[in-house]
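Chemist: Fold the following for me, if possible:
(chains A and B)
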Amino acid sequence: MLKKISWFQAFANIILLLLAASCILPFLLLVSSSFSSENALIRYGYNFFPKEFSLDAYRYILQKSEVIFNAYGITFLVTAAGVSLSLLITILLAYPLSRRELRFKRLLSFYVMLTMLFNGGLVPYYIMWTRGFGIKNTIWALLLPNLLLNAFSVMMARSFFLSSIPEEVIEAARIDGASEYRILYKIVAPMSKPIIATLGLMSVLGYWNDWTNGLYFITNTKLYSVQQLLNQMLLNVQFLATVSKVGQAGVAGMQMPSVGIRMAIAVLGVIPIMIAYPFFQNYFVKGITIGAVKG
Amino acid sequence: MSNLQQTKVKKKNKKRKRDSAFFLMMLPGLTYLFVNNYIPMTGVIIAFKELDFSVGILKSKFVGLKNFTYLFQTQDAWLITRNTLLYNFAFIVLGTLCAITVAILLNEITVKWIQKVYQTTILLPALISIVVVSYLVFALLSADNGFINNTILNALGKEAVSWYTEPRYWPIILIVVNLWKGFGFNCIIYYATLISIDRSYYEAASVDGASRWQQLINITLPGLKQTVFTMTLLSIGKIFYSDFGLFYQVPMNSGMLQNATNTIDTYVYRAMSQLNDMGMASAAGLYQSLVGFVLVLAANKIVNRYSGSEGIF
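Modeler: Purely as a prediction, here's the structure:
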């Protein structure tokens, strides 16, 4: 038994332990600093252990909570709507593409895949969405551009349907007189739960973590998503103070702990995904490996 | 009508019904791609025009290659191309080495739950947005309050460094950040290949008295060759593109760092949004798209030729 734990394995454990630590420690720095008093932060800088424990940063944020809640509301809404819509149109596009009997199948597949190879660049894209569709400073700007459908997910779903849904099952349902919609909804979809979960998760991460649509299209602070709020706070720590109605003109507010608050707000930004992570970890790994097979 | 003809008509009707159902299903997706991807493709003509919104894109003055001559006369064109290529080159080489090493180490861990813990942890950085990554980097590098200046350099008795204004450190910082964020993700891909290698090779090798090292060199690495080849080629196909967030957010859009952090993507964005120079921005964008297109096609062709059907098409 002793022989089984070789030197190499011990070595592997040490290296992996170090790497795992390097992945966690920055988050620890973030959390610990967010619980430090402003004085300690100014004197000793961000640290792995709070030199003086304090909840001031969070207390200040709580005072301006309407800004944070609003950003969370926007992000939740956009993520929920975006992911459902995205899954729906991705599957509706991928399923026919996976069927042999589809007419113009090669042409249609090419139409989908060309979007992975060539793009018009940022300028025409920006002009089209803003001047053509007028989505600047609307909620649509967070929902529609770029994130709703990508050729890559369509191809992933298509190859799943191709390999995992036997032709006979579909033929049998057709003979029984089921319509194509019914087949997709009643037979194919229930058999495709793994791929739907994986694509759904990728889409959740895509919407939750997106900050570029906000950067390009949103200047109205009421429409700020969590990521955009974080982005804004990193560049200008006064942002929260200026945008919030509370604490301005007359209403007595506390002094902003400007060093600590950045860390506290970043902690609030990552918490939901950290909490959810253990539950979707398996699908995440699956998504990475399926994605890799197809490039 | 004879019976045979009747069934034929029936079959044809059924087929037609199926076709229309299929097309109706695909309609939203196809429309979306048309709007989001194909319409902007036609917008590449902006690169050849002097854009004037008061008359519209089509009626704007055609200026031929003027935008491109301007672009390539500047120092910027050379700089952003160099930066984009060199960074990607470093990411590909170091990223692959790092991911393979970690995958091999991970494969050595025989206790399932410990392996799972490692796997879960190293994927953490892949999960968060680049904005949050910028915060983590800021906590370490901030000139006044950063951990490195205040604790590490202080303990070593060294002068504090103003990280966000000193371009010479940034190639290393950006490479480290990119590796940190990506190694878990890539490692999982190589690990998936590793566990698909037939165990009997290893058994046969240990019966023959091959050492761990010899097994690694003669079984594991050759087993990974195909995946490395495919992944590398696909990254080479994307070598003209860069992660906008990494180069824009992580350096906090610091003007003093631009020599080291400006890539084609950040250049296009800045030319468009800050300089409002649509002609130059779209010329740079088209330059990227065209070279990128050729590279992706070439990479896919090679992958297809040498590895069966593992490319995108």
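
Chemist: can you list the residues of the stretch 151-295 of chain A near chain B?
Modeler: Remark: the part of the stretch 151-295 of chain A in contact with chain B comprises A:151, A:154-155, A:179-181, A:184, A:205, A:208-212, A:216, A:227, A:230-231, A:234-235, A:259, A:262-263, A:266, A:269-270, A:273, A:277-278, A:281, A:284-285, A:288-289, A:292-295, using CB under 8 Å from any CB of the partner chain. For glycine as for every other residue, the C-beta is placed from the backbone atoms N, C-alpha and C.

Chemist: Find the closest residue to chain A in chain B.
Modeler: Checking chain B residue by residue against chain A with CB to the nearest CB singles out B:Gly43 as nearest, at 2.2 Å.

Chemist: neighbours of the nearest residue to that residue once chain neighbours are set aside, just the number please.
Modeler: In space, and not counting its chain neighbours, B:Gly43 is closest to A:Pro124: 2.2 Å by CB to CB, 6 or more residues apart in numbering or on different chains. Residues near A:Pro124, counting by other CB atoms under 10 Å in any protein chain shown, number 25.

Chemist: Just the mean pLDDT for the helix or strand where A:Pro124 lies, thanks.
Modeler: When elements are assigned from DSSP states H and E, A:Pro124 belongs to helix A:122-127. Helix A:122-127 comes out with an average pLDDT of 92.

Chemist: what's near enough to touch the residue nearest to B:Gly43?
Modeler: Under the criterion of CB atoms under 8 Å, 6 or more residues apart in numbering or on different chains, the neighbours of A:Pro124 are B:Ile39, B:Pro40, B:Met41, B:Thr42, B:Gly43, B:Val44, B:Ile46, B:Ser282, B:Gly285.

Chemist: burial of the third one, as a residue count?
Modeler: Pointing back at B:Met41 there. The number of residues packed near B:Met41 is 16, by other CB under 10 Å.

Chemist: Now do the SS call for it.
Modeler: Classification of B:Met41 using DSSP: H, G, I helix; E, B strand; the rest coil returns helix.

Chemist: Report the distance from stretch A:115-134 to the chain centre.
Modeler: Between the centre of stretch A:115-134 and the centre of its chain there are 22 Å (CA atoms, centre = their mean, to the nearest Å).

Chemist: in which helix or strand would I find residue 288?
Modeler: Picking chain A for this. helix A:258-293.

Chemist: ah, I was thinking of chain B
Modeler: Secondary-structure assignment from DSSP H and E places B:Gln288 in helix B:278-307.

Chemist: now check that helix, is it near chain A?
Modeler: Yes - in this structure, helix B:278-307 sits against chain A according to CB under 8 Å from any CB; the contacting residues are B:278, B:281-282, B:284-286, B:288-289, B:292-293, B:296-297, B:303.

Chemist: buried ones in that helix?
Modeler: Residues of helix B:278-307 classed as buried by neighbour count (16 or more other CB atoms under 10 Å in any protein chain shown): B:278-289, B:292-293, B:295-296, B:299-300, B:302-303.

Chemist: do stretch A:99-106 as well
Modeler: In stretch A:99-106, the ones that count as buried by 16+ other CB under 10 Å are A:Arg99, A:Leu102.

Chemist: Helix B:278-307 and the strand or helix carrying B:Arg270, what's the angle between them?
Modeler: With elements taken from DSSP H and E, the one containing B:Arg270 is helix B:264-273. Relative orientation of helix B:264-273 with respect to helix B:278-307: 160 degrees, computed using axes from the mean of the first three to the mean of the last three CA atoms, to 10 degrees.

Chemist: Mind checking the pLDDT average for helix B:264-273?
Modeler: For helix B:264-273, mean pLDDT rounds to 92.

Chemist: List the buried residues for stretch B:67-86?
Modeler: Buried residues in stretch B:67-86 (16+ other CB under 10 Å): B:Asn67, B:Phe68, B:Leu71, B:Asp76, B:Ala77, B:Leu79, B:Ile80, B:Thr81, B:Asn83, B:Thr84.

Chemist: Give me the most central residue, chain A.
Modeler: For chain A, the residue nearest the mean C-alpha position is A:Leu205 (2.2 Å; CA atoms, centre = their mean).

Chemist: Is it correct that it is in contact with B:Ile128?
Modeler: No - taking CB atoms under 8 Å as the definition, A:Leu205 is not a contact partner of B:Ile128, at 9.3 Å.

Chemist: which residues do those two both contact?
Modeler: By CB under 8 Å, 6+ apart, the residues touching both A:Leu205 and B:Ile128 are A:Ile273.

Chemist: Just the residues contacting stretch B:248-258, thanks.
Modeler: Among residues not part of stretch B:248-258, those counted as contacts by CB under 8 Å, 6+ apart are A:211, A:231, A:234-235, B:130-131, B:133-134, B:137-138, B:164-167, B:170, B:173-174, B:177, B:261, B:265-266, B:269.

Chemist: can you check stretch B:182-202 too?
Modeler: Applying CB under 8 Å, 6+ apart, the contact partners of stretch B:182-202 are A:19, A:23, A:285, A:288-289, A:292, B:91, B:95-96, B:98-100, B:102-104, B:106-107, B:119, B:122-126, B:215, B:219-220, B:223-224, B:226-228, B:231.

Chemist: Would you indicate which residues of it are buried?
Modeler: Residues of stretch B:182-202 classed as buried by neighbour count (16+ other CB under 10 Å): B:182-194, B:201.

Chemist: Pick out the most distant pair among those.
Modeler: The largest distance within these, taken as CB to CB, falls between B:Gly182 and B:Tyr201 and amounts to 29.4 Å.

Chemist: just checking, A:Tyr95 is part of a helix?
Modeler: Yes - secondary structure of A:Tyr95, determined by three-state DSSP: located in a helix.

Chemist: returning to what we had before: can you pull the buried residues of the helix holding B:Arg270?
Modeler: Within helix B:264-273, the residues scored as buried using 16+ other CB under 10 Å are B:Ile264, B:Asp265, B:Thr266, B:Tyr267, B:Val268, B:Tyr269, B:Arg270, B:Ala271, B:Met272.

Chemist: give me every residue that touches the fifth one.
Modeler: This points to B:Val268. Contacts of B:Val268 were listed using CB under 8 Å, 6+ apart, and they are A:Gly121, A:Leu122, A:Val123, B:Ala281, B:Ala284, B:Gly285, B:Gln288.

Chemist: Switch the residues you listed over to CSV, and while doing so, append distance to A:Glu52 to every line.
Modeler: Below are these laid out as CSV (distance: CB to CB, whole Å):
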residue, distance to A:Glu52
A:Gly121, 51
A:Leu122, 46
A:Val123, 50
B:Ala281, 48
B:Ala284, 49
B:Gly285, 50
B:Gln288, 50
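
Chemist: closest to A:Ala80 among those?
Modeler: Set against A:Ala80, the nearest of the contacts of B:Val268 by CB to CB is A:Leu122 (27.6 Å).

Chemist: I figured that closest one was touching B:Ala271, is that so?
Modeler: No - contact between A:Leu122 and B:Ala271 fails when scored by CB under 8 Å: they sit 9.4 Å apart.

Chemist: Perfect, I'm done here.
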